[in-house]
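> quick one: sequence and predicted model below, then my questions.
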Amino acid sequence: MSQPKSRSPRQRAVVATNGPPEAAVDQERIKAAVREILLAVGENPDREGLRDTPARVARMYAELFSGIGKEPRELLTKSFTQKYEEMVLVKDIGFASVCEHHLLPFTGKAHIAYLPNGKIVGLSKLARVVEVLSRRPQVQERMTEEIADLLMSDLDARGVAVILEATHTCMTIRGIRKEGSVCTTSAMRGGFLIHPQTRAELMALVFGAR
């Protein structure tokens, strides 16, 4: 019997990024679960204000988790041949995600830069990659690296930099309750990692005199 072929590192990365197979959100199951939660906290799910809440929450989850099973790599299949060797930076890409630890939202901005290697990609595609990866249960640290690794491999870039700044409601409305706290994460690849002057230029462009 022939042995299955081992996957290359890139193929293994694709499998890891894919997540579970794409499927429609089971809104009826969510509605039933939300009704049970309301009962569990001592509420009456049949009172007027809560009667339609399970259905509203089900629709909300279908939207918030719409990135599950979607392959962000498909957004980068179209590129353009272009001799441009300087930094391409898109700042302040807004995103909203859900922390997988408490199922509470975290929101913020993504700053994405790359050093082209003979080809460029439509700028909106960078924002769409952020959108897909944010619309699933996430942690900010993983999301930062997922974006960087995906762009580095699929754009064949000479370097990629990703910086995320986000406010986490699991810190601001519960637990320590520290309003105004912001978490910043970064992932540097290629030229941004090995050349301090390139990284310094990026930081100046993103943060200015902050």
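Thanks, I have it. Residues are numbered from 1 along each chain as shown.
> residue 163 is in contact with residue 110, correct?
Yes: Residue 110 is in contact with residue 163 according to Cβ atoms under 8 Å; the separation is 7.3 Å. C-beta here means a position set from N, CA and C on the backbone, and glycine is covered the same way.
> who's more crowded, those two?
More neighbours surround residue 110 than the other of residue 110 and residue 163, with 25 against 21 (other Cβ atoms under 10 Å).
> what helix or strand is the more buried one on?
strand 105-115 (DSSP states H and E).
> test my guess that residue 25 contacts residue 64.
No: using Cβ under 8 Å, residue 25 is not in contact with residue 64, being 9.7 Å away.
> if we can go back for a sec, packing partners for the strand holding residue 110?
On a contact count with 3 or more Cβ pairs under 8 Å, 6 or more residues apart in numbering; DSSP states H and E, strand 105-115 meets strand 88-99, helix 123-134, helix 140-154, strand 159-168, helix 169-172, strand 183-190, helix 191-194, helix 196-207.
> of these, flag the one that's most buried.
Greatest average neighbour count among those goes to strand 159-168 (a mean of 23), per mean count of other Cβ atoms under 10 Å.
> one step back: neighbour count for residue 25 and residue 64, which is higher?
A direct count of neighbours by other Cβ under 10 Å for residue 25 and residue 64 places residue 64 higher, at 19 against 16.
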